[in-house]
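Student: model this:
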Amino acid sequence: MYPILTIVVPVGGHMEPNVGGLDRTARIIVGPIVAIIGILILIGEVALNPIVGGGLLVVGAVLLATGLTRRCLLNRAFGVNTASKR
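Tutor: Numbers count the residues shown, from 1 in each chain. You can find the predicted model right below:
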């Protein structure tokens, strides 16, 4: 079986920042909100399936992490770069 999408990270694991501007700001704001909603679902405060809560928690954490680190593997895979070149 062949992978549909292959992401190659340079030797040493260094990856250039590819998240910036409004994209970064949105990830840093929306990520924790989505994660908190996921937590509320998981603890039973919102009546939805716990699987949905777990998924939202993971998505929110990933959004926050990619916003803070300014690096996103999906952006890299699709050739998207919202970081400004200085």
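
Student: residue 16 and residue 59, how far apart?
Tutor: With distances taken as C-beta to C-beta, to the nearest Å, residue 16 is found 24 Å from residue 59. From N, CA and C alone the C-beta is placed, and that goes for glycine too.

Student: so between those two, which is more surrounded?
Tutor: The neighbour count for residue 16 versus residue 59, taken as other C-beta atoms under 10 Å, is higher for residue 59 (16 against 11).

Student: name the nearest residue to the more buried one, sequence neighbours excluded.
Tutor: residue 34 (5.7 Å; C-beta to C-beta, 6 or more residues apart in numbering).

Student: and the longest helix for the protein?
Tutor: Longest helix in the chain by number of residues (criterion: DSSP state H): helix 21-42.

Student: what packs against that helix?
Tutor: helix 50-69 (3 or more C-beta pairs under 8 Å, 6 or more residues apart in numbering; DSSP states H and E).

Student: buried ones in the helix it packs on?
Tutor: Of the residues in helix 50-69, those with enough neighbours to count as buried (16 or more other C-beta atoms under 10 Å) are 53, 56-57, 59-60, 62-64, 66-67.
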